[in-house]
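1. Structural data only, the sequence is not supplied:
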């Protein structure tokens, strides 16, 4: 992994992606969204089904919220194959690799501070990615019952303190490309512990895999 240089800014996007090994020339696998014709056909079929059952706004959630915890490693210095990222739709902790099947990755700087990296802050400007927005909140993890729909900083890395709650808004087309209820997925995450020696973080997270829904309540969300 490439270390962060002192003159590089995590706030810069597109022209200066966050230093990592995930360069376009090294990609061996990619995930593509549905082809345009298939996407249009699927949308039409879902629209007909929605009209038959009622209004679009009355479409209920079909997936329960996901609440879990686990260990991730800093993307710079992680053991090979170790989980370094979070994918909201599946609720999985995965290795951030050139498939870009994740929403945010994690890193630890030389002072021990945690940096959360949206997908586009890690990828090169030519990689197929989606927008991910971040914002922090002053509430405790358990007190955050739903996600706001605005106020997010798109595709910009953010420093996160231990026990500080981070809200995530992901515009994942692979998950929401043909959804009738919305185009974004929401989640919350908190870092519980940081080990600077092993570059390991313990995190807790909740995601609502239903596109357009914002609730973090357990079970099938109603909003």
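-> Received it, and whenever you're ready, just let me know what you need. Because the structure is predicted, anything quoted here is derived from the model rather than measured.
2. wait, residue 108 sits on residue 196?
-> Yes: using CB atoms under 8 Å, residue 108 makes contact with residue 196 at a distance of 6.3 Å. Yep, even glycine has a C-beta here, placed from its N, CA and C like the rest.
3. These two - which one has more neighbours?
-> residue 108 (23 against 13; other CB atoms under 10 Å).
4. quick one: contacts for residue 139?
-> Counting by CB atoms under 8 Å, 6 or more residues apart in numbering, residue 139 makes contact with residue 165.
5. Next one: it from residue 167, what distance?
-> Per CB to CB, to the nearest Å, residue 139 is found 10 Å from residue 167.
6. same check, this time on residue 101
-> Distance, residue 101 to residue 167, by CB to CB: 21 Å.
7. for the longest strand seen in the chain, packing partners?
-> Looking across the chain with DSSP state E, the single longest strand is strand 185-195. If you count contacts as 3 or more CB pairs under 8 Å, 6 or more residues apart in numbering; DSSP states H and E, strand 185-195 packs onto strand 114-118, strand 165-170, strand 200-208.
8. Neighbouring strands of that strand in the sheet, and parallel or not?
-> Here strand 185-195 has these sheet partners by DSSP bridges: strand 165-170 (antiparallel), strand 200-208 (antiparallel).
9. Show me where this protein has its helices.
-> For the chain, applying DSSP state H gives helices covering 36-53, 119-122, 173-176.
10. what mean pLDDT would you report for the second one?
-> Helix 119-122 comes out with an average pLDDT of 93.
11. ok now it, how far from the chain's centre?
-> Taking CA atoms, centre = their mean, to the nearest Å, one finds helix 119-122 lying 10 Å from the centre of the chain it belongs to.
12. Could you list every helix and strand in contact with that helix?
-> Helix 119-122 packs on strand 104-108, going by 3+ CB pairs under 8 Å, 6+ apart.
13. who does the strand it packs on pair up with?
-> Paired neighbours of strand 104-108 in the sheet (DSSP bridges): strand 85-87 (antiparallel), strand 114-118 (antiparallel).
14. can you list these in a markdown table and add mean neighbour count and distance to residue 174?
-> Formatted as a markdown table, those follow (neighbours: other CB atoms under 10 Å; distance: least, CB to CB, whole Å):
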| stretch | mean neighbour count | distance to residue 174 |
| --- | --- | --- |
| strand 85-87 | 25 | 10 |
| strand 114-118 | 25 | 16 |
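15. Nearest the middle, which residue of this structure would you pick?
-> Centroid-nearest residue in the chain: residue 103, 2.4 Å away (criterion: CA atoms, centre = their mean).
16. Run through the residues that contact the nearest residue to residue 89 once chain neighbours are set aside.
-> Leaving aside its sequence neighbours, residue 89 sits nearest to residue 175 (CB to CB, 6 or more residues apart in numbering; 4.1 Å). Residues near residue 175 by CB under 8 Å, 6+ apart: 89, 185, 209, 211.
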